[in-house]
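Colleague: sequence first, predicted coordinates after that:
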There are 2 protein chains.
Amino acid sequence: MPKRDKSAVNLDAIFAALAHPIRRAIIEQLAGGDASVSELAKPHKVSLPAISGHLRVLERAGLLKITPEWRVHRCHIDAVPMSAAFGWLTRYRILWEDRFDRLAREVEKKQ
Amino acid sequence: MPKRDKSAVNLDAIFAALAHPIRRAIIEQLAGGDASVSELAKPHKVSLPAISGHLRVLERAGLLKITPEWRVHRCHIDAVPMSAAFGWLTRYRILWEDRFDRLAREVEKKQ
DNA sequence: CCATTATTTAACATTTTACTTAATTGACAA
DNA sequence: TTGTCAATTAAGTAAAATGTTAAATAATGG
């Protein structure tokens, strides 16, 4: 029976993790440095278990590492998996940049 | 009562739309040119109503425009909203590229 | 009008997500 | 030991996502 490869990049999990405003806010906060669960919960008006759940979603997507340290659990962002999402979007970047490039050339030509 | 601003970029909807493999496959297919609903359904083993549902998710996220044309509904990708997702990720790009940039500078310095 | 084709809507079952409050674990400190 | 603080697990609920099959709509063509 083939097991799920945890190391494989899981775009489903990564995009789904990024689809919730609280989880994006948590990433934004962690971009400024590591934090404990309570510190991450503070800006939000949901319960602590709710935050704990969001952290597990981020963890399963590979975006977060949680290290128990003293009594607090230190949360550390690992943004590398986000590069997979970035990479996927990049493949289609031309689809939205194309038109502006063309427009820019048109304008340039007229001058 | 403030109405929902449909024109506002909705990162929740965009990321959520990208979180399903069938919907990403649909975007990949549409990147190669417009297609009808049946054509989009062909590569997948789910029912036509299921595809129809996925198209509506993409439409609500602003990634798709559907124009009834003859008997077929022509699906056209509008990747511009994806640039919002791209933009969000770009803000944190440094978190995963930092290490490589530093390494590159180190190597450069040594030469 | 009737059949055909493309797609959507309806109705429904199942699973997943997101949240709550209450109870539990684990580590420290008096 | 006992209390306290940080965080998780448990139990339950409501809503949303995903899929199915069957029926409806809409447009064309004999």
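Modeller: Noted; the coordinates are in hand. Residues are numbered from 1 along each chain as shown, chains lettered A, B, ... in the order given.
Colleague: need the residues of chain A near DNA strand D, please.
Modeller: Proximity of chain A to DNA strand D (Cβ under 7 Å from any atom of the strand) is limited to residues A:36-39, A:48-49, A:51-53, A:55-56, A:66, A:71-73. In this view, the C-beta of every residue, glycine as well, is placed from N, C-alpha and C.
Colleague: rerun at 6 Å
Modeller: A:Ser36, A:Val37, A:Ser38, A:Leu48, A:Pro49, A:Ser52, A:Leu55, A:Ile66, A:Arg71, A:Val72, A:His73 (Cβ under 6 Å from any atom of the strand).
Colleague: export these to JSON lines and append columns for pLDDT and secondary structure.
Modeller: Below are these laid out as JSON lines (pLDDT from 0 to 100; DSSP: H, G, I helix; E, B strand; the rest coil):
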{"residue": "A:Ser36", "pLDDT": "95", "secondary structure": "strand"}
{"residue": "A:Val37", "pLDDT": "96", "secondary structure": "helix"}
{"residue": "A:Ser38", "pLDDT": "95", "secondary structure": "helix"}
{"residue": "A:Leu48", "pLDDT": "96", "secondary structure": "helix"}
{"residue": "A:Pro49", "pLDDT": "96", "secondary structure": "helix"}
{"residue": "A:Ser52", "pLDDT": "97", "secondary structure": "helix"}
{"residue": "A:Leu55", "pLDDT": "98", "secondary structure": "helix"}
{"residue": "A:Ile66", "pLDDT": "94", "secondary structure": "strand"}
{"residue": "A:Arg71", "pLDDT": "80", "secondary structure": "coil"}
{"residue": "A:Val72", "pLDDT": "88", "secondary structure": "strand"}
{"residue": "A:His73", "pLDDT": "90", "secondary structure": "strand"}
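Colleague: which stretches of chain A form strands?
Modeller: Taking DSSP state E to define them, one finds strands in chain A at A:35-36, A:64-69, A:72-77.
Colleague: any chance of these in a markdown table with distance to B:Arg60 and mean neighbour count as columns?
Modeller: Listed next are the strands of chain A as a markdown table, based on distance: least, Cβ to Cβ, whole Å; neighbours: other Cβ atoms under 10 Å in any protein chain shown:
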| stretch | distance to B:Arg60 | mean neighbour count |
| --- | --- | --- |
| strand A:35-36 | 33 | 18 |
| strand A:64-69 | 28 | 14 |
| strand A:72-77 | 30 | 17 |
